[in-house]
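1. coordinates only, no sequence provided:
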């Protein structure tokens, strides 16, 4: 940081919310006053053109009304302003204004006033050129060595150099290998144009080469290019600088010697006329603009370089001579002469801060305040230390990584799900084969207690569900204000979801700039994915849930699925899913049991979860606190393993399709290369059926891609079914072993570790690693198992036999008294949870059928499970 600030001589703020850039500033005696006093010309992206003549009464004065000579709106954004001899027949200076699609040249003149209001200035349009291409920047000079006038060269956004000989258009040329436009300058000594290409190299093109090259209008026409007498555009010299350039300036302060200055992103280059480097300076900051302004010593050049730290550095070649602090970050800097003051630094920021300053010794020093001398009271300091230590202990008691949420959040988001389905479905592009796909409306409200900047709302629902709109962007929220959006949720894919829940997430910034996030969850109704149907007597899969309370009529707990005319006699209920499958719910008349049955195992999950949820809600309203559900049937592991095998088979198919596609793609490219070689050969040779082979390979690639896409869709449905079945197994195990909420959370993290399934990280290897970890830690039977080192890298297994064996062993250990815990102190855990520890399980037990105490489930070494049907 500099010790000195730039001395403010004159400054002003231009307009309101206007934007400026590098080419928007120019200083020159644009009105041809002959006094040698420069005027400041500024153009903005809003189309305002302003001309200033600063003459403060004393340094530091703000803008006076007479300082603004002219202000006019040209209705089009101004990209660049330049002053030169642009009108034929006169050597007076004129103003060139570059718009996106137009080049205008104006004459600026002043009329001496007869009253105290001063002189009057006006601009007169001399001529204009309508551009066929969008302009980027321009440069000017005596192209071709003309005397007494300046020509203009405009670079378009697509790489065309358009040259104008004052009132007439000369020609246009495309730069070779063009991608993005860069800065452009003209060197009068070598009569060449210098730019920096997208290849990060400085390129020089001779004017004569441009003039005799093929015309741009003929470049696309093959026949005209053959008949044209033009030559191919060739570069004069190239220098690779390894970075993009911010600006280029060509100066000549000594007779016969000119230098090309290039300001890069982190370096500053000075080149000779032939492209050789005179010197370069590595910058330890990010520059914003620069200008070489004079030569005070033979063979050296002084340069001003501004940076994004609001600093202006003065260099003599590569030596830093002075550094001064600016009030803003300039995007353009010039050196001008005003009144009798020469060398005034004119800077312009992107938001319109225009300042004229000079270098001086105006120190900005920080003086530390005097410290009050007083005696130290050690008793007060000890008391304060104890109080602070107490606060620190209270704050570090919790072991949570994240801080506790505020009691009153700055922004709260709530979601209200409509109790009824939409009368007119809002489903969009649904792939469900059912006739009508229902949708339900969700109303989301965002309330803010403080100013919330840039709030964004994201609504997430698990596939195959979808929403009509999942992203919302709002304007800044004022304190005590709210925003409400309405959307609809529907089933998009042709498979049942594993969860009927959604999440709303609002991200915003508080006034201090700190990002915050607020979220809420909402539950979707079961009737969104199914509708009432006739109960089915026969089913392949059956589950029985035991309760400790008499059965409740379905009219009470399922009023949206039962016809009220049936009264309390409805003890059977059918659920027809939109995907085509059916699930039946039965209530026992003599016992406290409920049976759920279906032809598909995964379809049992949503109905079972909804049943338990509604039973718990019903008895909670009755103030019954001892209601409990249990499961004493057999865990359907065999059917669960079939879903695992189906999902894993599709993953293997995906890997196979990927390998085949890679092979066919290599073959396709090889045939293409051979055909291209044959076609380029001057002496034609027979194709030898290469075209037929190319067509056949192309068809194979398309067929494999279609098959891979179909397999991907099948794998998505298989993973959705696997997640539903896994949710069901987790619930049955928690009811069977009466797991606590913490233990159920560990079980869910073990069997459902992934939200999405990919080839790189799949469900099978992840679950296998998690189950193996629990078998080695909290469910281990000996210290030898704890000493086993797990694999450090997850990879796709060859088959699922190990996974199924570990899941079977996992259930067996739970049946023998094991409990889930993430504690590393196994001895303490076993002593506290399982008196006497978990009994050692002989290896021979895994080869025999083991009956789990307290249940009728039986496990075998090969993973098969016997099913037992119980009557309600």
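-> Looks like it came in fine. These numbers come from a predicted model, not from an experiment.
2. is residue 337 in contact with residue 344, as I believe?
-> Yes. Using CB atoms under 8 Å, residue 337 is in contact with residue 344, at 7.0 Å. Any C-beta I mention is one placed from the backbone N, CA and C, and that applies to glycine too.
3. which one of these two has more residues nearby?
-> Set residue 337 next to residue 344 and count neighbours by other CB atoms under 10 Å: residue 344 wins out with 21 against 15.
4. and that one, that one's in a strand?
-> Yes. Under DSSP: H, G, I helix; E, B strand; the rest coil, residue 344 sits within a strand.
5. what residues does it make contact with?
-> By CB atoms under 8 Å, 6 or more residues apart in numbering, the contact set of residue 344 is 9, 335-338, 356-358.
6. residue ranges with poor pLDDT in the stretch 201-350 of the chain?
-> Flagging of the stretch 201-350 of the chain using pLDDT under 70 yields the residue ranges 215-231, 254-256.
7. most neighbours of all the contacts of residue 344, which one?
-> residue 356 (25 neighbours).
8. all helices of the stretch 1-150 of the chain, in order?
-> Under the criterion DSSP state H, counting those that start in this stretch, the stretch 1-150 of the chain carries no helices.
9. repeat for the stretch 701-850 of the chain
-> 741-751, 763-776, 783-786, 801-815, 826-833.
10. tell me which of those lies nearest to residue 304.
-> helix 763-776 (59.8 Å; CB to CB).
11. which neighbouring elements make contact with the closest one?
-> Identification of packing neighbours for helix 763-776 by 3 or more CB pairs under 8 Å, 6 or more residues apart in numbering; DSSP states H and E yields helix 637-680, helix 741-751, helix 783-786, helix 801-815.
12. mind doing that once more with 6 Å?
-> Judged by 3 or more CB pairs under 6 Å, 6 or more residues apart in numbering; DSSP states H and E, the packing partners of helix 763-776 are helix 801-815.
13. now the angle from the helix it packs on to helix 763-776?
-> Angle, helix 801-815 to helix 763-776, by axes from the mean of the first three to the mean of the last three CA atoms, to 10 degrees: 40 degrees.
14. what about helix 801-815, average pLDDT?
-> Helix 801-815 shows a mean pLDDT of 89.
15. list the buried ones in it?
-> For helix 801-815, burial by neighbour count (16 or more other CB atoms under 10 Å) applies to 803-815.
16. check stretch 584-593 too.
-> So, applying 16+ other CB under 10 Å, buried residues of stretch 584-593: 584-588, 593.
17. closest one to residue 723 out of the residues you listed, please.
-> residue 585 (21.6 Å).
18. so that closest one touches residue 572, yeah?
-> No. If you go by CB atoms under 6 Å, residue 585 and residue 572 don't touch, sitting 7.2 Å apart.
19. show me what contacts residue 735?
-> 629-631 (CB atoms under 6 Å, 6 or more residues apart in numbering).
20. filter the residues you listed down to the buried ones and hand me the PyMOL line.
-> Entered in PyMOL, the line below selects the buried ones among the contacts of residue 735, by 16+ other CB under 10 Å:
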select buried, resi 629+631
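21. in JSON lines, list the helices of the stretch 701-850 of the chain along with distance to residue 294.
-> As requested, the helices of the stretch 701-850 of the chain are arranged in JSON lines below (distance: least, CB to CB, whole Å):
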{"stretch": "helix 741-751", "distance to residue 294": "71"}
{"stretch": "helix 763-776", "distance to residue 294": "69"}
{"stretch": "helix 783-786", "distance to residue 294": "79"}
{"stretch": "helix 801-815", "distance to residue 294": "78"}
{"stretch": "helix 826-833", "distance to residue 294": "80"}
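22. out of the ones you listed, which is closest to residue 654?
-> Ranking the helices of the stretch 701-850 of the chain by proximity to residue 654 (CB to CB) places helix 763-776 first, at 13.1 Å.
23. buried ones in that closest one?
-> 763-772, 774-776.
24. follow-up on the earlier one: which one among the buried residues of stretch 584-593 gets closest to residue 50?
-> residue 585 (78.6 Å).
25. helices and strands around the strand or helix carrying that closest one, which ones?
-> Assigned by DSSP states H and E, residue 585 belongs to strand 582-587. When contacts are defined as 3+ CB pairs under 6 Å, 6+ apart, strand 582-587 packs onto strand 572-577, strand 593-598.
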